[in-house]
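Student: Here is a sequence with its predicted model. Questions after.
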Amino acid sequence: MKRVAIEGLVDPIDVQTHKRLLDVLVAAGTPVLMACGGKGLCATCHVYVQAGAEHLSPRTPREQLALRMLSDKRPSSRLACQAKVSGTA
């Protein structure tokens, strides 16, 4: 299990390894868009990872392609549907 802190929530959430950030956000009741249903095609689930990005899966080719569409992309940008909590501590 890992712990993920979400902006706007007081307490961090325990998360199973290899769980998508999208699933974590939805379970926490955080409103998140996902026009393509979480397939990494639309970039509507774009999030900024403020800390701990090294504990997420690498960007997939699909994620890299979708992120190119965004005008507000930052180095910390990820698609919540593609980023998974990794097994590293």
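Tutor: That came through, no problem.
Student: the helices in this protein, which residues?
Tutor: Secondary structure of the chain (DSSP state H): helices located at 21-27, 61-67.
Student: most packed of those?
Tutor: Mean neighbour count (mean count of other Cβ atoms under 10 Å) peaks for helix 21-27 among those, with a mean of 19. Every C-beta, even on glycine, is put in place using the N, C-alpha and C of the backbone.
Student: how about the helices of the chain in TSV, adding distance to M1 and mean pLDDT?
Tutor: As requested, those are exported to TSV (distance: least, Cβ to Cβ, whole Å; pLDDT from 0 to 100):
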stretch	distance to M1	mean pLDDT
helix 21-27	12	90
helix 61-67	24	93
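Student: which regions of the chain sit below the pLDDT cut-off?
Tutor: Counting by pLDDT under 70, the chain shows low-confidence ranges at 87-89.
Student: ok, A83 - contacts?
Tutor: R20, L21, V47, V49, L56, S57, R59, E63 (Cβ atoms under 8 Å, 6 or more residues apart in numbering).
Student: thought V47 was touching A80?
Tutor: Yes: with contact defined as Cβ atoms under 8 Å, V47 reaches A80; the gap is 5.0 Å.
Student: Looking at the two, which has the bigger crowd around it?
Tutor: Neighbours were counted for V47 and for A80 using other Cβ atoms under 10 Å; A80 has more, 23 against 19.
Student: Next up, the contacts around V47.
Tutor: So V47 contacts L21, L25, V32, S77, R78, L79, A80, A83 (Cβ under 8 Å, 6+ apart).
Student: Contact partners for the fourth one?
Tutor: This means S77. Contacts of S77 by Cβ under 8 Å, 6+ apart are H46, V47, Y48, V49, L67, L70.
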